[in-house]
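Enquirer: Sequence first, then the predicted structure, then my questions.
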Amino acid sequence: MSSVFHFEELDGQIGLLTFDLPDKKVNTLSEPVLEELGEYVGQLEERTDLCGLLFRSGKPGQFIAGADLNELGALIDATSEQIAQTLAAGRELFTRISQLPFPTVALVDGNSMGGGTELILAMDYRIASDNPATKIALPEVKIGIIPAWGGTQRLPRLIGIHYAIEMICGGEPISSQKAGSWGLVFDVVPVERLVEEGCRLIEHVRKADEWTQDRRRRQQPLGLTDDQLTFTFSVAKRQIHGKTKGQYPAPLAALRSMKDGINRPLDEALQIEHEIAHEVVGSPISCNLIGVFFMNNQLSRDSGVDNLSIQPEQVNHVGVLGSGQMGSGIATACVRRGIPCLMVDVDNDRIADGLERARHVVDSRIKIGRATPKDMQNMLSLLNTSISQASFSDCDVVVEAITENESLKTEAYRQLAESVRHDVILASNTSTISITRMSASAPNPERFIGMHFFHPVDRMQLVEVIRSATTSDETVATIVSLAKRIGKTPIVMQDCAGFLVNRVLLPYMSESLLLLLEGASMDTIDNAAVRFGMPMGPIALHDLIGLDTACYAGKVVAAAYSDRAVEVPLLEQLVEAGRLGKKSGAGFRKFVGKRKKPVADPDFEPFLQKKRSDDRQFTDEEITERLFLPMLLEATRCLDERIVREPAHVDMGLLLGIGFPTFRGGILRWCDTEGAGTIIGKLAPYSSLGKRFEPTDSLKQLAHSGKRFYPQ
């Protein structure tokens, strides 16, 4: 690696050290980088002639992105001694920086993340630019670790325990303005004045010897009383448990590091931080979360096609056919990102309802401070409506979002052929209907594609992009690019029944009903799924999405995969009785009060008793295996059939589409964590239940070879 640091001396004997990784968009703190920084620190420790040191990034608008995550992820295979050595290297280097024989000032322009923030905390002062892109964060808990190079101890001593808990245990970035109000940075100035103000600050603190006094103060215990400690950390612990359900150990470890260290001298506190960090760094959960980070980054760069020479076409105007929940949501997503959109429906009443839903999305964000009235004005200025399909004539892309009925959709495509341009891309927001089959009715099959958004559109990040047998690469690349522009994460897949998410989800949903019929209670089933990490149990999910929707999707998937799918007549009978779930007030459970709280419903029992085949007891382990093993097997089949191109697409689809627990890294990473051989052992007791519990050939091969879906 060529030199990444450049040192120069400014007037007044002030050093300026610039960090600039060659040929990289961002600066990261890898082991070689820290070694080179250590060499410079060794030279600076001898420079008693210097009046001070300024530290900056050589990348405009980018400060330091943090530690090298590849190195952190690799620690899962490291020995305890290697982990301890890695943690100690950064901590000891930053301690040396904090003891340089002159005042030090970090000049922050752009994102300062993780290890980069710990580096600037080791310096005496920080000045930030007023660039809106300047954010400061300690996001380590989001990847399952804690700030381990001094962050949990230096930050509370600088800004106080309450703000420190918020920053460290929440992991969210703060703006330079907030950093200034909290005391994290000394001042916020225009970027072009950073060096000038840094020199001025060094001159100021040297005059009254303030910098040595500030250093001594930050070496001391924080001095909280026992009552303050107990109250503050008890409240914080309850809040963290409420958010994480105890399934993410890093925020609690960070909290414990602060609690145990802040009332001790800094050198003792740093050792406490080191010992607690050792518990989570390199853990399977941390490596799973780092894996999710990389998968997300990979998807953000994925064009959706293997031919890298294919470029997306420019999309200047989007049309949406249908102003219902999905249509209005798609149109709102476009205009919120500055893309003009036309929403068309059959009459003005439906259009008015769609506009009201669009207003509600932005209004709800205004109420929580994430949007402004100006955003509402901008949205409405870009959202046009019409009851005439002829208005689509100027659209580059038209998204069809009408009722999930194949004959209605294909008839709409025939009508659209008279109104749209010959080169328009037509996308169907279908969740179940074959894209290949419908493409025969499209004006141009090569420019027809599936674009399956998830409900509610404003909250759900995933978009399934489904190729038909005739969809062109240019069409795929254009729709992938459009999905990213409106803030979504697109995953490209081949056409199949259920596509990816519903195909993998429905075995889990069906199995929950079979467990119910065999004697397990609804609460037992749902609680087991939640303990595994799902946001809600499968019975509750049935009620939320609608029993009619689940029944229809289940029939589509069951027909396509009849060798292993199991239809449950109970679901159809509930639908026939008008029990559709939350939207009708009753399904498996009853929904009461203004908030429609789910409660047990005696009226459901007769339906259950007619179909119940057994009354046996289940362990949590058995329920978990029954729910998630069929899901895993279906995921492996999607890979085997090349429905998606790689394991990361399966895992990200389930993480974003159904809320599969992030700390497990996705269902295929869960398999890797357990081991394919272990999974096959778990399947064995259920062999009598048929093919849905039969190991796939690819799973057997992994078990035999000892390989994984994700190579270590």
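Expert: The structure has been received and is ready for your questions. Numbers count the residues shown, from 1 in each chain.
Enquirer: going forward, measure contacts between C-alpha atoms and count neighbours the same way
Expert: Noted.
Enquirer: show me what contacts G657?
Expert: Applying C-alpha atoms under 8 Å, 6 or more residues apart in numbering, one finds that G657 lies in contact with F454, M460, Q461, L462, V501.
Enquirer: Buried residues, the helix or strand of the chain with the lowest mean pLDDT. List them.
Expert: Taking mean pLDDT, DSSP states H and E as the measure, the chain has helix 69-74 as its least confident helix or strand, at a mean of 85. The neighbour-count criterion (16 or more other C-alpha atoms under 10 Å) identifies L69, L72, G73 as the buried residues of helix 69-74.
Enquirer: tally of neighbours for the nearest residue to the first one once chain neighbours are set aside?
Expert: Distances taken as C-alpha to C-alpha, 6 or more residues apart in numbering put I290 closest to L69, at 7.0 Å, once the chain neighbours are dropped. Residue crowding around I290 was assessed by other C-alpha atoms under 10 Å; the count is 22.
Enquirer: Check the spacing between I290 and R301 real quick.
Expert: In this structure, I290 and R301 are 17 Å apart, going by C-alpha to C-alpha, to the nearest Å.
Enquirer: repeat for K243
Expert: As defined by C-alpha to C-alpha, K243 lies at a distance of 30 Å from R301.
Enquirer: mind checking the SS state of V315?
Expert: Secondary structure of V315, reduced to three states by DSSP: H, G, I helix; E, B strand; the rest coil: coil.
Enquirer: hang on, isn't it packed against V398?
Expert: No. Because the distance of 10.6 Å does not satisfy C-alpha atoms under 8 Å, V315 is recorded as not touching V398.
Enquirer: who's more crowded, the two?
Expert: Using other C-alpha under 10 Å, the more surrounded residue of V315 and V398 is V398, with 25 against 17.
Enquirer: Okay, now the unreliable bits of the protein?
Expert: When the per-residue scores of the chain are filtered using pLDDT under 70, the ranges that remain are 1-2.
Enquirer: Could you list the domains of it?
Expert: Listed by automatic domain parsing, the domain ranges of the chain are 5-287, 318-495, 502-705.
Enquirer: Go through the contacts of G657 and flag which are in helices.
Expert: Counted as lying in helices by DSSP state H, out of these, are V501.
Enquirer: Tell me which residues touch K59, please.
Expert: For K59, the contacting residues are D20, K25, V26, N27, by C-alpha under 8 Å, 6+ apart.
Enquirer: re the thing from before, let me know the closest of the contacts of G657 to G61.
Expert: Each of those was scored against G61 by C-alpha to C-alpha, and Q461 proved nearest at 26.8 Å.
Enquirer: Could you dump the contacts of G657 into TSV with neighbour count added?
Expert: Listed next are these as TSV, based on neighbours: other C-alpha atoms under 10 Å:
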residue	neighbour count
F454	22
M460	17
Q461	20
L462	25
V501	21
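Enquirer: which of the contacts of K59 sit farthest apart?
Expert: Across these, no pair lies farther apart than D20 and K25, at 9.4 Å, counting by C-alpha to C-alpha.
Enquirer: returning to what we had before: who's in contact with the least confident helix or strand of the chain?
Expert: Contacts of helix 69-74 with the rest of the structure, by C-alpha under 8 Å, 6+ apart, involve S30, V281, G282, S286, C287, I290, G291, Q712.
Enquirer: Can you tell me which of those is nearest V195?
Expert: Closest to V195, out of all of the contacts of helix 69-74 and judged by C-alpha to C-alpha, is S30, at 25.9 Å.
Enquirer: Quick check: ChimeraX command selecting the buried ones in the contacts of helix 69-74.
Expert: Here is the ChimeraX command that picks out the buried ones among the contacts of helix 69-74, judged by 16+ other C-alpha under 10 Å:
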select :30,281,282,286,287,290,291
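Enquirer: Could I get the contacts of helix 69-74 in JSON lines, plus columns for secondary structure and distance to L54?
Expert: Supplementary listing: these in JSON lines, determined by DSSP: H, G, I helix; E, B strand; the rest coil; distance: C-alpha to C-alpha, whole Å:
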{"residue": "S30", "secondary structure": "coil", "distance to L54": "21"}
{"residue": "V281", "secondary structure": "coil", "distance to L54": "31"}
{"residue": "G282", "secondary structure": "coil", "distance to L54": "34"}
{"residue": "S286", "secondary structure": "helix", "distance to L54": "34"}
{"residue": "C287", "secondary structure": "helix", "distance to L54": "35"}
{"residue": "I290", "secondary structure": "helix", "distance to L54": "32"}
{"residue": "G291", "secondary structure": "helix", "distance to L54": "35"}
{"residue": "Q712", "secondary structure": "coil", "distance to L54": "40"}
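Enquirer: helix or strand for E622, which one?
Expert: Applying DSSP states H and E as the criterion places E622 in helix 620-640.
Enquirer: D20 and K25: who's more crowded?
Expert: Here D20 and K25 are compared on neighbour count by other C-alpha under 10 Å; more neighbours surround D20, at 22 against 11.
Enquirer: ok, the more buried one touching F7?
Expert: No. D20 is beyond contact range of F7, at 11.3 Å (criterion: C-alpha under 8 Å).
Enquirer: re earlier: for the helix holding E622, enumerate the helices and strands it packs against.
Expert: Counting contacts by 3 or more C-alpha pairs under 8 Å, 6 or more residues apart in numbering; DSSP states H and E, helix 620-640 is packed against helix 501-518, helix 522-532, helix 647-657, helix 667-674, helix 676-683, helix 697-705.
Enquirer: so it versus helix 697-705, what angle?
Expert: Interaxial angle, helix 620-640 versus helix 697-705 (axes from the mean of the first three to the mean of the last three C-alpha atoms, to 10 degrees): 110 degrees.
Enquirer: Quick check: buried residues in helix 620-640?
Expert: Within helix 620-640, the residues that qualify as buried by neighbour count (16+ other C-alpha under 10 Å) are 620, 623-639.
Enquirer: contact partners of stretch 508-527?
Expert: When contacts are taken as C-alpha under 8 Å, 6+ apart, the neighbours of stretch 508-527 outside the stretch itself are 536-540, 542, 554, 566-568, 608, 611-618, 620, 623, 626-628, 630-631.
Enquirer: ok, F628 - contacts?
Expert: Contacts were defined as C-alpha under 8 Å, 6+ apart; by that measure F628 touches Y508.
Enquirer: Distance from stretch 683-696 to the middle of the chain?
Expert: The chain centre lies 33 Å from the centre of stretch 683-696; the measure is C-alpha atoms, centre = their mean, to the nearest Å.
Enquirer: again, but for stretch 535-546
Expert: That offset, for stretch 535-546, works out to 21 Å (C-alpha atoms, centre = their mean).
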